[in-house]
Every structure is written in C-alpha cells, then in structure tokens.
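Visitor: I'd like to go over a predicted model; first the sequence, then the structure.
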Amino acid sequence: MQIDKVYEPQRFEPHWAQSWIDSGIFRANPGASGRVFSLVIPPPNVTGSLHIGHMLEHTEIDVTIRWRRMLGYNTLWLPGTDHAGIATQMVVERKLAEEGILRRDLGREEFEKRVWQWKQQYGDNIKRQMIRLGASCDWSRERFTLDPGLSRAVREVFVRLYEKGLIYRGEYMVNWCPRCHTALSDLEVAHTDVSGHLWHIRYPVNGLEGRFVTVATTRPETMLGDTAVAINAKDARYLDLHGKTVQLPIMDRELPIILDDLADMEFGTGVVKVTPAHDLNDFEAGRRHNLPKIKVIDENARMTAAAGEYAGLDRLEARKEVVAALEKSGALVKVEDYKLSLGTCSRCKTPVEPLVSTQWFVKMKPLAEKAIEVVENGRIEFIPANWTKTYYEWMYNIRDWCISRQLWWGHRIPAWHCQECHETVVARETPSICPRCGSAELVQDTDVLDTWFSSALWPFSTLGWPEKTLDLATYYPTSLLITGFDILFFWVARMIMMGLEFMGEAPFHQVYIHALVRDAEGQKMSKTKGNVIDPLVVTEKYGTDAIRMAMLQCAAPGTDIVLTEARMESSRAFANKIWNAARFLFLNMERCGVEPWVPERLAEFLPEAEGGEVPIEDRWIFSRLNDCARQANRTIETYRYHEAAQLLWQFIWHEFCDWYVELKKLRFQENSGLTAGWRNLLAAFENVLRLLHPAMPFITEELWQRLLPIRDPLLPSRDREGAAARPTSIALADYPQYRREATDFHAEREIGVLQEIVTMARTLRTESKLDPKQQLSGTVYCRTAALEAAQAHAEAIQKLANVKLEFKAEAAPKAPVMRSTAEIDLVLEVPKSQEETKAKRDAKELLQLDKNIANLERQLTDETFLAKAPQKVIENMRASLGAYKAQRDKLS
Ligand SMILES: [Zn+2]
Ligand SMILES: [Zn+2]
C-alpha cells in the first residue's frame with residue numbers, strides 16, 4: 001500500500017501506457033461474445049507528428065471506446081496512418097534538396113525507395129505519441145494506406161469502377177501547381193485575399209462602326225486565349241448584338257458573341273470574356289457552346305506558342321507586356337484596384353493556374369444518390385445535426401472527382417497505354433500484351449491516385465476487403481466515426497459512397513464532428529502565430545490525465561475549444577486531490593491493518609451495516625455515486641463529453657473528497673479500531689476510480705492496481721478467458737451503472753442539511769475574518785423537519801464547523817453574525833476578544849474604503865482626466881468605485 005507523497009504522473013504514466021500494449025488488453029477478438037463496437041481512426045498523415053487537435057480527437061475516441069469496453073462490448077479501435085501523397089513527397093523532396101539532390105535526377109524508382117526509407121525512420125512517431133497519450137487502440141491491426149493489402153483493395157476498386165463506367169479519362173480544368181507539377185484538390189489550394197487590379201478592355205464589334213463591348217479581368221494575359229464573349233440573353237442593353245462577332249485586340253481574332261448565364265447582368269458591364277482553357281466556369285461555358293480551347297499558358301506557367309509573340313514568357317511578365325500593348329492600341333479603358341482571392345498551392349505557396357489537362361475522374365452523381373439516401377433515412381446520423389445540411393448541400397451539387405495526381409508517391413494508376421494502337425488497358429495484374437493489337441509495348445500510366453482515394457476505402461480495406469475476413473464480418477459497418485469538420489467532404493462523404501458501393505452498407509452509423517482547439521484568446525492555433533500547444537510538452541508538464549480532463553471539460557459539441565494553461569493547471573490540481581484522497585485511504589488502511597477488500601458481487605453492492613446501522617455518510621455517498629453513474633453513462637453515450645467531465649469533477653472533488661472523506665475521518669477519530677466501516681469506503685473509492693477511468697485512464701489504473709493487488713481474485717471479470725478473477729486492468733472492469741435501489745433520498749436530505757449548516761458556519765467565519773482554529777458557539781434555528789436531521793448529526797456538524805451548537809425550534813432573533821437559508825438560520829456568537837479586534841479591524845477598513853472612494857470620485861469627475869484616459873481604464877475605475885461602495889455599506 002505504498003504511495004508517493006506527491007502526485008507525479010510522469011512516474012507512472014509511461015509505465016501503464018506500455019504495459020497496456022504489452023499485455024494486449026486492447027487487442028480485438030472477433031470471436032468474442034458481446035455486442036460489437038468498432039471504430040477506425042481518421043488516419044493522420046504519416047509525415048506529421050500529433051498536434052493538439054489530434055489529441056482532442058483521440059481523447060474523445062478513447063473515452064468512448066474505453067467506456068464501451070467497460071460496458072462489455074466487443075470493441076475495436078483500429079489505428080493507422082495515411083501516406084499523404086503530396087505532403088510526404090514534399091517533405092522528402094525538401095530533405096533531398098538539403099543534400100543537393102533533385103527528385104528528377106534520382107528517377108522515379110530511386111525516389112520511391114527514399115520515401116520508404118524515410119517512412120521507416122519517422123513513420124512510427126505518431127504511434128509512439130499515441131501510445132504515450134493512452135489511446136486504447138489495437139496496434140496489432142495497425143494499417144498504412146500503402147500496405148500491400150490496402151493497395152490491393154485500391155486496385156480492385158479502381159478496376160471495378162472502371163468496368164462499371166464510373167471511372168473515365170477526360171479533359172478537365174484542374175488547379176495546377178506549376179512548381180509541384182501536379183493537379184491539386186480544392187483542399188490543397190489555399191485562398192488568400194490580395195490586392196490586385198481589374199483591367200477593363202474593350203473589344204470592337206464587327207460590322208457596327210464605333211460600337212464596343214467592355215470586359216473586365218484580373219488576369220489580362222488570359223485574353224490571348226479568349227474564344228468568345230458572353231452576354232446574358234435577358235440583357236436588353238445588348239439585344240442588337242445577338243448573332244454578331246467581336247474582334248479580339250492584339251491577337252486580331254474574330255470571336256462569337258454567345259448568350260449564356262455566365263454573363264451576370266449585375267456585374268460590371270454585363271459582358272464577360274470566355275477563356276475555356278484557363279477558367280473553370282469558362283471551360284463549362286465552352287462545353288455548352290462547343291467553343292475551341294486555346295491553351296496560352298503551359299504547365300510551367302509560361303506562355304505557349306499559341307500566345308503568339310508572347311510565347312516563352314512567364315505568365316506575369318506576359319501580363320505586363322499584354323497590358324502595355326493594350327494601352328498602346330487604345331483598347332485599355334481603365335485599371336481599378338481590386339481585392340481578389342488568390343489560390344496558391346498549400347504546399348509551396350506558388351499561385352495555382354487553372355489548366356485544362358487529361359485526367360482520370362470518378363463519376364460522382366450515381367454514387368452520391370445512395371449516399372444522400374442513407375442520411376435521409378437515418379441510417380447515418382451526424383452529430384451535431386447541423387452538419388447534415390452542409391453534407392446535403394455538397395452532395396446535391398457534387399462534381400466529378402479528379403483522382404489522378406502527377407506525383408511519384410502514392411498508388412500508381414492501374415492503367416497501361418499501348419504504344420502501338422493507343423488502347424488503354426485497366427487491369428488488376430500487369431498485362432503483358434495489348435488485348436487489341438497484341439503489341440507488348442505497354443507503358444503504365446505515370447499518374448498516381450489522389451490520397452483520398454485510398455482513405456475513402458479505409459473502413460473496409462483495413463479489415464481485409466476484398467477478402468471475406470472474420471474481421472470484416474464482425475466489425476463492418478463500424479459503429480462511429482469521430483472526426484473534424486474540415487474533412488467532411490473530402491473524406492467522410494467519400495467513405496460513405498465507397499462503403500455503399502462496395503460493401504452494400506454505410507461504413508458507420510454515427511458521425512460525431514468535433515470542434516477546433518483554440519488558444520486562450522480564441523485564436524486558431526498555427527505555427528506562424530506561435531500559439532501552438534504541443535501535446536507532448538504539456539503532457540510532460542501537467543500529466544496526460546490532466547490535459548485529457550482539461551480538453552474534455554470544454555468539449556461541448558459545436559463550440560470551439562479554448563484551451564488555456566490555467567485550465568490544465570486546475571485539472572492537475574483535480575488529479576492531485578484524488579491522489580491525496582487515496583493517500584489518506586492507504587495510510588489509514590495500513591494504520592488499522594485493513595486488508596484490501598472489494599465485494600464479490602460489486603455491481604449489486606449496497607453499503608453495509610456497522611454496529612447495527614448503515615452509517616449515514618455511506619448511504620449518502622452510494623446514492624450520490626448512483627446518480628453520478630446515471631448521468632455519466634448518459635452523457636458519454638450522447639457525446640456530451642464536457643458534461644460528463646464536469647459532473648465527474650463536481651462529484652469526485654466536491655462530494656467524495658470534500659465531504660465523504662472528511663466525514664470518514666471523523667468516524668475514524670471516533671472509533672480507531674473500526675473495521676466494518678472500511679468496506680463501504682473501499683467499495684465507494686473503487687467505484688469512483690472506475691467512473692473516472694475513461695476520462696483519466698492513468699491515475700485511475702495506478703490507484704486501482706494499488707487498491708486491489710493482483711493476488712485478490714475478487715472482481716467479476718471482463719477478461720477474455722472468462723475466468724472469475726479480477727481483471728488485469730481497470731480498463732476491463734465494469735463501468736458503474738445506475739440502480740434504482742441504490743438511490744437513498746433520505747440520506748441525501750440528511751447530509752444536505754449537514755452540508756448547509758457547515759457551509760454557513762464556514763462562510764460566516766471567512767466573512768467576519770474569524771480565526772478558523774478558535775472554537776465558536778452558535779445556535780441553529782429551524783422550525784421544519786430539517787431540525788431533526790441537524791440534531792441527529794450534531795456531532796459531525798460541530799466538528800466540521802468547529803462550532804459548539806444549540807438547536808432551537810423557533811424563529812431566529814436578529815443578530816449581527818448570522819446567515820439563513822430557506823429552512824435554517826445560523827447565528828454565531830463572536831467571543832469578546834475577537835469582537836474587539838474585529839471592531840478595530842472594521843473601523844480601519846472603513847477608513848481605507850472611504851479614502852479609496854474619495855480618490856476615485858475625484859478622478860472620475862475630473863474632465864481633463866476623463867478626456868485623456870482610455871475608455872477601458874475609466875470603465876475599470878467605475879467598477880471599482882461600485883465595489884468599494886458596496887463593501888462600505890455592508891461594513892457600516
Ligand atoms: Zn506547389
Ligand atoms: Zn495496342
């Protein structure tokens with residue numbers, strides 16, 4: 001029963017983190033009995049290390065999965081990482097650049113080898129960190145999106161979708177990074193507001209002398225690729241231009257005037273230029289009107305031969321020259337300053353260029369229909385529910401998904417192009433000859449798949465699909481997904497679509513969307529702002545349990561989480577409080593020669609009698625425990641983690657430690673050889689540890705193991721073998737449940753009266769600045785049934801309040817030192833000696849207050865001061881003045 005004097009989580013947290021893994025208690029067993037609760041991790045990028053947002057996500061997942069495990073569910077939390085195509089490739093490229101090596105010089109194969117080496121070296125960072133943070137994952141099932149099994153699933157899905165006609169190759173407008181040389185997903189494009197210009201250019205109308213239309217653009221160099229101008233069919237200003245053409249300045253090309261909604265009558269002149277090769281909306285308009293696409297900017301952001309005399313120039317140089325030429329020709333009407341949203345590559349910050357290129361696509365509409373249906377019919381539920389609307393908005397407006405990336409790191413597209421007849425072969429295995437012409441000249445497509453393609457398969461590819469595994473049969477569909485809102489579309493929606501297509505069932509039943517962690521000022525954390533909280537640093541400082549508790553306390557669904565050092569510190573104090581309660585318990589057990597004891601049928605345990613009667617405090621704490629268990633189960637089940645944390649905190653600190661342990665101390669003073677009373681205390685404390693375990697796994701395990709040394713085969717077991725022994729870990733013990741028979745309103749009422757009187761006495765002492773050590777005398781006045789309860793516990797009340805009390809069933813007289821509640825009045829008599837010192841002190845304080853008030857009043861009427869002082873200062877002074885006046889009124 002040895003216990004360290006001071007709570008030092010660093011001394012035992014790493015030990016338990018490792019011990020849980022070594023003992024395999026989180027390993028899932030698909031053959032085990034019990035209802036299934038399974039969950040896959042949102043795979044962090046293999047490049048990264050865990051940030052505080054991960055820690056929040058993992059804490060919420062861990063609370064849920066630990067709780068379900070303690071309820072007896074057959075649980076699985078499957079961990080793993082994502083190969084993160086572009087992110088990882090960039091990291092390794094940068095590393096190579098430091099050694100003076102360029103990716104292209106290495107060649108594809110050698111480069112891939114280097115990335116794997118890098119992965120071997122750093123890929124375990126995340127795992128190590130998660131273990132340290134107590135995540136109860138099954139590491140024997142850890143997966144990586146580029147594992148052979150998962151890669152096989154990717155190929156299978158690609159081939160099946162292709163055969164079904166849902167994957168096709170086509171021209172499309174993509175976000176192109178001229179530096180990384182790849183198409184980017186919308187998520188990989190960062191948008192920043194920058195100041196730019198809006199150039200107004202006029203195009204002469206052919207056949208109408210002196211007639212022009214004026215268009216405006218933020219990228220004048222693209223006008224070289226214009227193939228039409230558009231007007232709105234409803235725009236009366238341009239009715240006479242229907243069927244006419246305009247002449248493109250500089251290039252001297254004739255452009256048709258088309259009627260299209262692309263032209264917004266409210267915006268500018270109502271006429272827009274159409275550049276199908278360099279703008280997404282124009283691209284689509286071009287399709288509608290069968291316009292040619294003239295590509296004037298290439299993959300390196302240089303002007304192409306189609307740009308005429310500007311060929312070879314960088315796009316920004318070309319812009320200058322084009323503007324100069326327009327000005328010279330008189331086509332430039334005006335230039336305005338203009339704020340625009342510039343898209344840049346989120347990896348390298350280069351401005352992206354919308355380009356037309358040949359890419360691979362997934363047809364999304366047919367997949368989306370089913371994915372909308374499962375949410376509509378309630379088979380998938382989003383929590384908080386407002387995300388459902390966001391989901392629908394996206395799904396109803398879904399566009400085809402560009403899945404090819406011009407990278408080297410990722411799943412290579414399983415397509416081969418015949419060099420002879422240009423046939424494209426999509427296959428599971430590398431083909432040796434072209435099925436069309438028999439040529440052996442087949443070259444594999446050089447593109448890889450978008451990272452999200454493999455993560456979309458994550459809930460079933462990780463469980464062994466396309467094999468029919470026992471894991472897949474047991475754990476799919478998973479029960480829950482906990483993730484951030486930023487990947488709702490990129491990941492969550494696509495998992496739903498792929499799950500429905502390939503498993504015939506949605507991949508999860510509930511999606512809980514957690515909030516963002518912000519700093520004390522409510523700002524988003526970012527490296528550039530320098531306000532990032534590193535989970536490993538703060539857990540080292542305060543202990544993992546304290547950080548988990550601090551985050552849970554503010555993890556209300558739908559609100560951002562403001563994590564402050566003060567909160568972490570007070571969570572540490574909470575852990576410390578529990579530690580001290582345990583210390584008191586263990587030291588007294590030793591002193592009294594008490595053996596560890598926990599009832600065999602714990603779930604049915606009710607406090608036991610001692611000398612004929614069940615002690616009131618034991619009846620009370622079990623009733624309160626019962627209520628706490630009821631609420632804890634309900635709040636964790638509905639993801640109200642903040643409520644769960646707050647109620648556990650309130651119960652453990654302010655009921656168990658502050659009252660129950662104090663009342664027990666009195667019992668022990670009364671009866672030093674007490675043995676029977678111990679049983680209730682031990683059972684209650686053991687319950688507290690189990691209640692708190694999902695939120696604070698380390699301290700609860702540490703104390704539980706000390707409370708119940710392994711030799712005592714006492715608790716009903718959740719061990720897989722089913723032997724009737726104490727589980728090896730508190731993580732496998734039962735979570736306390738509500739029982740009707742454990743509620744004891746009578747005991748709650750009696751202890752309630754006791755608490756009321758003691759609290760009043762303590763408040764009076766503090767208010768009157770009386771020495772807490774000096775015993776006072778006083779009278780309790782009460783004309784209700786509460787009097788009986790008060791009298792019954794007179795001894796405990798007098799000891800805890802350090803007041804000698806009389807009890808009277810009458811109304812209280814007016815007295816100088818008194819406090820009242822609805823039923824009870826408490827009057828304290830202040831001893832002569834203290835009365836005099838108190839009077840002196842009061843007089844002195846009054847004098848000081850008067851001085852302060854006079855000072856403030858003078859300043860606050862001084863016009864010059866008021867004119868100069870900041871508003872905030874004046875407000876503070878007014879507030880202080882009010883407070884001083886209130887204090888003075890009370891004293892006098
Ligand atoms: Zn880039
Ligand atoms: Zn061929």
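Guide: Thanks, I have it. Numbering: from 1, shown residues only. Ligands and ions are numbered 1, 2, ... in the order given.

Visitor: The residue of the stretch 551-700 of the chain found nearest ligand 1: how many residues sit nearby?
Guide: Distances between the stretch 551-700 of the chain and ligand 1 by Cβ to the ion are smallest at residue 560, namely 30.0 Å. The C-beta positions use only the backbone N, C-alpha and C, and glycine is treated the same way. For residue 560, the count of nearby residues is 13 (other Cβ atoms under 10 Å).

Visitor: For it, list the residues it contacts.
Guide: Residue 560 sits next to 515, 516, 517, 518, 522 when contact means Cβ atoms under 8 Å, 6 or more residues apart in numbering.

Visitor: which one in the residues you listed is the model shakiest on?
Guide: Across the set of these, residue 522 stands lowest in pLDDT, at 77.

Visitor: Look up how far ligand 1 lies from that one.
Guide: Computed as Cβ to the ion, to the nearest Å, the residue 522 to ligand 1 distance reads 31 Å.

Visitor: mind checking the SS state of that residue?
Guide: coil (DSSP: H, G, I helix; E, B strand; the rest coil).

Visitor: Residue 530 too?
Guide: Taking three-state DSSP, the label given to residue 530 is coil.

Visitor: For the residue lying closest to residue 307 once chain neighbours are set aside, the count of nearby residues, please.
Guide: Excluding its sequence neighbours, the residue lying closest to residue 307 (Cβ to Cβ, 6 or more residues apart in numbering) is residue 296, at 4.3 Å. Residue 296: 25 surrounding residues under other Cβ under 10 Å.

Visitor: Hmm, residue 220 and residue 296 touching each other?
Guide: No - at 11.6 Å, residue 296 does not count as touching residue 220 under the criterion of Cβ atoms under 8 Å.

Visitor: and residue 183, what does it touch?
Guide: With contact set as Cβ under 8 Å, 6+ apart, residue 183 has these partners: 174, 175, 176, 357, 359, 402, 404, 405, 406.

Visitor: hey, what's it bridged with?
Guide: Counting by DSSP bridges, residue 183 forms beta bridges with residue 176.

Visitor: Get me the contact residues on the chain for ligand 1.
Guide: Within the chain, the positions near ligand 1 by Cβ under 5 Å from the ion are 177, 179, 180, 345, 347, 348, 350.

Visitor: Compile the residues you listed into a markdown table and extend it with columns for secondary structure and distance to residue 335.
Guide: Shown next, in a markdown table, are those (DSSP: H, G, I helix; E, B strand; the rest coil; distance: Cβ to Cβ, whole Å):
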| residue | secondary structure | distance to residue 335 |
| --- | --- | --- |
| 177 | strand | 28 |
| 179 | coil | 28 |
| 180 | coil | 32 |
| 345 | strand | 27 |
| 347 | coil | 32 |
| 348 | coil | 30 |
| 350 | coil | 25 |
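
Visitor: Which one (most neighbours) among those?
Guide: residue 177 leads those on contacts (other Cβ under 10 Å) with 28 neighbours.

Visitor: so that residue makes contact with residue 350?
Guide: Yes - counting by Cβ under 8 Å, residue 350 is a contact partner of residue 177 at 5.7 Å.

Visitor: Check whether residue 326 really touches residue 224, as I assumed.
Guide: No - in this structure, residue 326 is not within contact of residue 224 by Cβ under 8 Å, at 10.9 Å.

Visitor: Between these two, which is the more surrounded one?
Guide: Each of residue 326 and residue 224 has its neighbours counted (other Cβ under 10 Å); residue 224 has more, 25 against 20.

Visitor: separation between the more buried one and ligand 2?
Guide: Distance of residue 224 to ligand 2, computed by Cβ to the ion: 38 Å.

Visitor: Please tell me how far that residue sits from residue 293.
Guide: 13 Å (Cβ to Cβ, to the nearest Å).
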